[in-house]
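Asker: Output the structure for:
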Amino acid sequence: MHGGYMSKQLPERANLEHLKKQAKDLLEALSCQEPEAIETVALYFPSQHNVGLNDAQLVIAREYGFESWAKLKDYVEAQAVSLRDRFVGITRQHLPAMDVRQHWQWQIHHHQRS
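Answerer: Just a heads-up that it's a prediction; the model follows:
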């Protein structure tokens with residue numbers, strides 16, 4: 001846990017875009033008066049008056065045990081860099097430098113399409 005209450009486990013390979021979508025989905029569910037969204041948001045914003053995207057992002061961050069969206073974002077980005085660094089390090093042991101770049105670009109392109 002990274003500070004605060006945690007009700008969800010952050011995926012091992014968390015994706016910032018997916019987390020942003022979760023915040024938007026939460027905001028949409030709140031505007032539709034969905035009971036689960038109301039209950040979740042009420043944990044952090046009891047009045048739920050004028051809850052916006054920044055507030056929804058804070059709720060998502062806190063649900064994963066982070067004090068703020070910025071700390072969650074920093075953590076996810078650091079994990080992505082760490083994963084990339086490990087990949088490049090291992091791959092460099094087995095492929096020439098040009099092949100590493102090409103393979104990494106293919107991985108990024110393939111991941112964006114899925």
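Asker: How many residues are close by F66?
Answerer: Residues lying near F66 (other C-beta atoms under 10 Å) number 23. For the C-beta atoms, the positions are set from N, CA and C on the backbone; glycine is no exception.
Asker: swap that for C32, please
Answerer: 9.
Asker: With the one 4 residues further on instead?
Answerer: Taking other C-beta under 10 Å as the neighbour definition, E36 ends up with a count of 10.
Asker: now the one 5 residues further on
Answerer: Here the neighbour count serves as a burial measure; for V41 (other C-beta under 10 Å) it reads 21.
Asker: host element of it?
Answerer: Using DSSP states H and E, V41 maps to helix 35-42.
Asker: Return the list of helices and strands in contact with the following helix or strand past that helix.
Answerer: The first helix or strand that comes after helix 35-42 along the chain, using DSSP H and E, is helix 53-63. Using 3 or more C-beta pairs under 8 Å, 6 or more residues apart in numbering; DSSP states H and E, the elements in contact with helix 53-63 are helix 16-31, helix 35-42, helix 69-92.
Asker: Quick check: buried residues in the shortest one?
Answerer: Buried positions in helix 35-42, judged by neighbour count with 16 or more other C-beta atoms under 10 Å: A37, T40, V41.
Asker: cool, stretch 64-84 as well?
Answerer: Going by 16+ other C-beta under 10 Å, stretch 64-84 has these buried residues: Y64, G65, F66, W69, K71, L72, K73, Y75, V76, Q79.
Asker: ok, these vs A23, which is closest?
Answerer: Set against A23, the nearest of the buried residues of stretch 64-84 by C-beta to C-beta is W69 (8.0 Å).
Asker: In contact with that closest one, which residues are there?
Answerer: Contact analysis of W69 by C-beta atoms under 8 Å, 6 or more residues apart in numbering lists N54, Q57, L58, I60, A61.
Asker: The residue lying closest to the first one once chain neighbours are set aside and C32, how far apart?
Answerer: It stands for N54. Among residues not flanking N54 along the chain, W69 sits closest, at 7.2 Å (C-beta to C-beta, 6 or more residues apart in numbering). As defined by C-beta to C-beta, to the nearest Å, W69 lies at a distance of 22 Å from C32.
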